[in-house]
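*Asks:* build the 3D model from these lines:
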Amino acid sequence: MSVIPVDIDHAEHSVGGASGHWFRRFTHVGMCVIPFAYHLWGEPIAGIVSMTPENFVIAVAGFFIAIEAIRIKLGIIIVGQREYEAKQVSALAWGAVAVCLTLILAPQEGEGLEAGKYTIPIICGLTFVDPIMGEVKRAKMGMRAAVLVGSAVSYTIWMGSVALFSTPFLAAVLLAPLTVAGEVPRVSWIDDNATMILFPLIALLLLHPLL
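*Replies:* Now for the predicted structure:
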């Protein structure tokens, strides 16, 4: 399948059916803890294996890539994954590597959670906007409704980051819609778990000198 229908019911194509689908959704939302854990406890966690936080994230990304290569080679799909992921890079792997890239590449200024002024909204944008837009489309409400709802959620996350973590207001205004834009491409060769992070991340790296 080269193009994925906008309103496809992924529960019908997920291992575990509806239960697998909701397991996938809750796992997706749970990933929101990653940037908070990284900025609050990154050093002690990485210190367990005598690494810096950055090197630990690089190692985690390498681990996911290696496991994904083995999974594809064997054609394995686990609970919550979709049938077409058996022979291609899965949404989980795309999302994991994209999250790691954000933690490695996004500018980190200040200390504690303030250092996450960009990583937190970019990653939380993925973890919340993607499943919400997915459920709007699954309810046959159409892409327009999904974009409107997704935009509201994305701007809420980014503006919350402005208030809580000193994210520049201009960054929030410009990058929030790019999270939603990352959900629009409907192809199977790259998952929106990647594009919903890579779109705002790439724009951030280009715009950061101006912020």
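
*Asks:* please make it C-alpha for all contacts and neighbour counts, starting now.
*Replies:* Will do.

*Asks:* what's the neighbour count on the closest residue in space to Lys87 that isn't next to it in sequence?
*Replies:* Leaving out its chain neighbours, the residue that sits closest to Lys87 by Cα to Cα, 6 or more residues apart in numbering is Ile72, at 5.2 Å. By other Cα atoms under 10 Å, the residues close to Ile72 number 16.

*Asks:* now do Met141
*Replies:* Neighbour count for Met141, taken as other Cα under 10 Å: 12.

*Asks:* so, low pLDDT: which residues of the chain?
*Replies:* Residue ranges of the chain with pLDDT under 70: 1-17, 80, 186-188.

*Asks:* tell me who's in contact with the residue nearest to the spatial centre of it.
*Replies:* Note on the chain: the residue nearest the mean C-alpha position is Leu126, at 3.7 Å, using Cα atoms, centre = their mean. Leu126 sits next to Thr179, Asn193, Met196, Ile197 when contact means Cα atoms under 8 Å, 6 or more residues apart in numbering.

*Asks:* moving C-terminal from the longest helix along the chain, which element do we reach first?
*Replies:* In the chain, assigned by DSSP state H, the helix with the most residues is helix 142-165. With elements assigned by DSSP states H and E, the helix or strand that comes after helix 142-165 is helix 169-181.

*Asks:* show me what contacts Leu205?
*Replies:* Ala106, Pro107.

*Asks:* ok, it to Phe165 distance?
*Replies:* Per Cα to Cα, to the nearest Å, Leu205 is found 18 Å from Phe165.

*Asks:* give the residue farthest from the middle of the protein.
*Replies:* Most distant residue from the mean C-alpha position of the chain: Ser50, 27.2 Å away (Cα atoms, centre = their mean).

*Asks:* Gly42: neighbour count?
*Replies:* Other residues near Gly42 come to 19 when the count uses other Cα under 10 Å.

*Asks:* what's the closest non-adjacent residue to it?
*Replies:* Pro53 (5.4 Å).

*Asks:* which phi and psi values does that neighbour adopt?
*Replies:* Torsion angles at Pro53 (phi, psi; degrees, to the nearest 10) stand at phi -60, psi -40.

*Asks:* my guess is it meets Glu43, correct?
*Replies:* Yes - under the criterion of Cα atoms under 8 Å, Pro53 makes contact with Glu43 at 5.6 Å.

*Asks:* between the two, point out the one with more neighbours.
*Replies:* Neighbours per residue (other Cα under 10 Å) separate Pro53 from Glu43, with Pro53 holding more: 20 against 17.

*Asks:* straight-line length of stretch 181-199, end to end?
*Replies:* Terminal residues of stretch 181-199 lie 8 Å apart, using Cα to Cα.

*Asks:* stretch 81-98 too?
*Replies:* Distance across stretch 81-98, first residue to last, is 18 Å (Cα to Cα).

*Asks:* can you name the residues in contact with it?
*Replies:* Applying Cα under 8 Å, 6+ apart, the contact partners of stretch 81-98 are 1, 10, 13-15, 20-21, 24, 61, 64-65, 68, 71-73, 75-77, 189-194, 197-198.

*Asks:* among those residues, name the ones in helices.
*Replies:* 20-21, 24, 61, 64-65, 68, 71-73, 192-194, 197-198.

*Asks:* show me which of the residues you listed are buried.
*Replies:* The neighbour-count test (16 or more other Cα atoms under 10 Å) marks 20-21, 24, 61, 64-65, 68, 71-72, 192-194, 197-198 as buried among the ones in helices among the contacts of stretch 81-98.
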